[in-house]
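In: my questions concern the predicted model and sequence given below.
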Amino acid sequence: MTATAPPSVVVFDPQTSGKILAERIKARAKPTDPGVTISEVECKNFPDIKVNTHTDCQMVVNGVKRGYRATFTQRDGHYEIKAQELTW
């Protein structure tokens, strides 16, 4: 009998968490329209990622910068993306 390794735990650091989240969002972004391209994702750094907290992100979609809010749900590290007006 072999044991499976426990799932890796991501420890978020205030200095790097925005970059890690942006990389995850870009890696998982799957536009439903074939002509949509996401060329950049950036998230502000934040000190803590807990359920029901959020952070601001922006994406460059087809050459246009758009703002999004990532709200963390269910358990640490899972998030929901919703459009918002804020960009920087």
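Out: Sure thing, it's come through. Numbers count the residues shown, from 1 in each chain.
In: going by C-alpha atoms from here, please, whenever you check contacts or count neighbours.
Out: Noted.
In: pLDDT wise, what is N52 at?
Out: Looking at N52, its pLDDT is 84.
In: dump the residue contacts of the closest residue to N45 other than its chain neighbours.
Out: Excluding the flanking residues, the one nearest N45 by Cα to Cα, 6 or more residues apart in numbering is G18, at 4.2 Å. By Cα atoms under 8 Å, 6 or more residues apart in numbering, the residues touching G18 are E42, C43, K44, N45, F46.
In: ok, which pair from those is furthest apart?
Out: Spatially, the most separated pair among the contacts of G18 is E42 and F46, at 12.4 Å (Cα to Cα).
In: and these two? Which one has more around it.
Out: E42 (21 against 16; other Cα atoms under 10 Å).
In: find the helix or strand that that one is a member of.
Out: Assessed by DSSP states H and E, E42 sits inside strand 38-43.
In: got it, and K26?
Out: Using DSSP H and E, K26 falls in helix 17-28.
In: pLDDT of that helix, averaged?
Out: According to the model, helix 17-28 has a mean pLDDT of 88.
In: pLDDT weak spots in the protein?
Out: 1-12, 47, 75-77 (pLDDT under 70).
In: now do the strands in the protein.
Out: Per DSSP state E, the chain carries strands over the ranges 38-43, 54-61, 64-72, 79-84.
In: let me have those in a markdown table, extended by distance to D13.
Out: Shown next, in a markdown table, are those (distance: least, Cα to Cα, whole Å):
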| stretch | distance to D13 |
| --- | --- |
| strand 38-43 | 13 |
| strand 54-61 | 14 |
| strand 64-72 | 16 |
| strand 79-84 | 17 |
